[in-house]
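Enquirer: Sequence isn't available, so here's the structure alone:
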């Protein structure tokens, strides 16, 4: 992480930071990266498997899953997906809520699958 002093000139260090609060804020914003978000990685070429729903209760129930391939936060249902085939999918393409499926929620091998 870059410190404020790392971006200062020798004159600024010698005389102190002689700028307005806004200049300091602008400088700090220029050296800080935004917190990464899963939605930043969504694309048609790299869809994200998610639990989806139109309300939080539906989302928490893990009733529907979909591959989120597009997000537009200006839409009332911002998560666009291609539904997965199976018992828990329906012919829906836009959802109000989505949460990525964690690796812990995916199938894990058990002893039942071991050869004897």
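Expert: Structure received. Note that the coordinates shown come from a computational prediction; the quantities given were computed from them, not determined experimentally. Residues are numbered from 1 along each chain as shown.

Enquirer: can you count the residues close to the closest residue to residue 53 other than its chain neighbours?
Expert: What sits nearest to residue 53 in space, not counting adjacent residues and going by Cβ to Cβ, 6 or more residues apart in numbering, is residue 59, at 3.7 Å. C-betas here are computed from N, CA, C, even on glycine. Burial of residue 59 is recorded as 19 neighbouring residues (other Cβ atoms under 10 Å).

Enquirer: Distance of residue 59 relative to residue 101?
Expert: Spatial separation of residue 59 from residue 101 under the definition Cβ to Cβ, to the nearest Å is 12 Å.

Enquirer: okay, and the common contacts of those two?
Expert: Shared contacts of residue 59 and residue 101 (Cβ atoms under 8 Å, 6 or more residues apart in numbering): residue 51.

Enquirer: Give me the helix or strand of this structure that scores worst on average pLDDT.
Expert: Every helix and strand in the chain was compared by mean pLDDT, DSSP states H and E; the lowest is helix 10-15, with a mean of 65.

Enquirer: what's the next secondary structure element after it?
Expert: The element immediately downstream of helix 10-15 (helix or strand, assigned by DSSP states H and E) is helix 21-31.

Enquirer: got the contact list for the helix or strand following that next one?
Expert: In the C-terminal direction, the helix or strand that comes right after helix 21-31 (DSSP H and E) is strand 48-53. Surrounding strand 48-53, the residues in contact under the criterion Cβ under 8 Å, 6+ apart are 38, 41-42, 59-68, 79, 81, 84, 92, 95-101.

Enquirer: ok, of those residues, which come out buried?
Expert: The neighbour-count test (16 or more other Cβ atoms under 10 Å) applied to those identifies 42, 59, 64-68, 79, 81, 95-99 as buried.

Enquirer: show me what contacts the residue nearest to residue 53?
Expert: Contacts of residue 59 (Cβ under 8 Å, 6+ apart): 51, 52, 53, 97, 98, 99.

Enquirer: Just name the closest of those to residue 112, please.
Expert: The nearest member of these to residue 112, counting by Cβ to Cβ, is residue 51 at 25.7 Å.

Enquirer: per-domain residue ranges of the protein.
Expert: Dividing the chain into domains by automatic domain parsing, as the record does, gives the ranges 1-33, 38-103.
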